[in-house]
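Enquirer: my questions are about this predicted structure, shown below with the sequence.
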Amino acid sequence: MTTAKRSHNGAGHAPRMLEQYRKQIAPALAKEFGHKNLLAVARLEKIVVNVGCGEASHDAKVLEQAQRDLGRIAGQRPAVTRAKKAISNFHIKEGDPVGCKVTLRRARMYEFLDRLISAALPRIRDFRGLSPKGFDQGGNYSFGVSEQAIFPELADEQLTYPLGLDVVMVTSAKTQDEAFALLKGFGMPFAAR
């Protein structure tokens, strides 16, 4: 009986972006930034996708659609986020549902990144590239998408409540330049710096 080497997703093969990182991106980054050990090279640790919908505290259907859409986009069931404190101007009480989020790691993270870069971002109307100013001091990158309809998983659906989403890419990079080089290596379409 032979046993095949299985990846994290259980399908028997690693995602395309993970293979690209191992074979091309990591050696190039090690050479560029002078790392002698490949384990010191910056890598993608997780991707957090967040949908904020304040209307969910008043209309449960908005939250249901946001959860269903985010689950279809990410391939993982989203967790409901709740208000930490009451905001009287928006009629939100502490503990009311105000959105949902998904934290992607390992194979699902790389598959989502692949779909984001190759299928979703090119569908944005008048797209001129992502802002390179979305990096924080820890080497993490954040950006927002104004409408979730750019994802092919939702293209055939009638979206009653168009919602935006925020994407945070958490990396192990120590500097902004190294994080930029890592994401650029994956093919992230950044606008000119």
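Expert: Cool, the structure landed.
Enquirer: so who does Tyr110 touch?
Expert: Taking CB atoms under 8 Å, 6 or more residues apart in numbering as the criterion, Tyr110 is in contact with Ala14, Pro15, Arg16, Met17, Leu18, Tyr21, Leu44. No exception for glycine: its C-beta is placed from N, CA and C like everyone else's.
Enquirer: the first one falls within a helix, correct?
Expert: It refers to Ala14. No: going by DSSP: H, G, I helix; E, B strand; the rest coil, the assignment for Ala14 is coil, not a helix.
Enquirer: which pLDDT value goes with it?
Expert: With respect to pLDDT, Ala14 has a value of 77.
Enquirer: what's across from Phe143 in the sheet?
Expert: According to DSSP bridges, Val167 are recorded as the beta-bridge partners of Phe143.
Enquirer: okay, now it: neighbour count?
Expert: 15 (other CB atoms under 10 Å).
Enquirer: the one 3 residues further on too?
Expert: Other residues within reach of Ser146, judged by other CB under 10 Å, total 12.
Enquirer: excluding covalently adjacent residues, which one is nearest to it?
Expert: Across the structure, with CB to CB, 6 or more residues apart in numbering as the measure, the residue nearest Ser146 apart from its sequence neighbours is Gly164 (4.8 Å).
Enquirer: contacting residues around that neighbour?
Expert: Under the criterion of CB under 8 Å, 6+ apart, the contact partners of Gly164 comprise Val51, Gly52, Gly144, Val145, Ser146, Glu147, Gln148.
Enquirer: again, only this time at 10 Å
Expert: Taking CB atoms under 10 Å, 6 or more residues apart in numbering as the contact definition, Gly164 lies against Asn50, Val51, Gly52, Cys53, Gly144, Val145, Ser146, Glu147, Gln148.
Enquirer: which one of those is nearest to Pro189?
Expert: Val145 (13.0 Å; CB to CB).
Enquirer: shaky segments in this structure?
Expert: With pLDDT under 70 as the threshold, the chain has low-confidence stretches at 1-12, 54-58, 88-91, 93, 155-161, 193.
Enquirer: need the helices for the protein, in chain order.
Expert: Ranges of helices within the chain are 16-20, 26-33, 60-74, 106-115, 176-186, based on DSSP state H.
Enquirer: out of these, which gets nearest to Lys133?
Expert: Checked against CB to CB, the stretch from the helices of the chain lying closest is helix 176-186, at 9.8 Å.
Enquirer: for that closest one, list the C-alpha coordinates in PDB.
Expert: Taking C-alpha atoms only, helix 176-186 is exported to PDB below (Å, rounded to 0.1, in the frame of the first residue of the first chain):
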ATOM      1  CA  GLN A 176       7.500  47.400   4.600                       C
ATOM      2  CA  ASP A 177       9.900  46.900   1.700                       C
ATOM      3  CA  GLU A 178      10.200  43.200   2.300                       C
ATOM      4  CA  ALA A 179       6.400  42.800   2.600                       C
ATOM      5  CA  PHE A 180       6.000  44.800  -0.600                       C
ATOM      6  CA  ALA A 181       8.500  42.600  -2.400                       C
ATOM      7  CA  LEU A 182       6.700  39.500  -1.100                       C
ATOM      8  CA  LEU A 183       3.300  40.500  -2.300                       C
ATOM      9  CA  LYS A 184       4.700  41.900  -5.600                       C
ATOM     10  CA  GLY A 185       6.200  38.400  -6.100                       C
ATOM     11  CA  PHE A 186       2.800  36.900  -5.800                       C
END
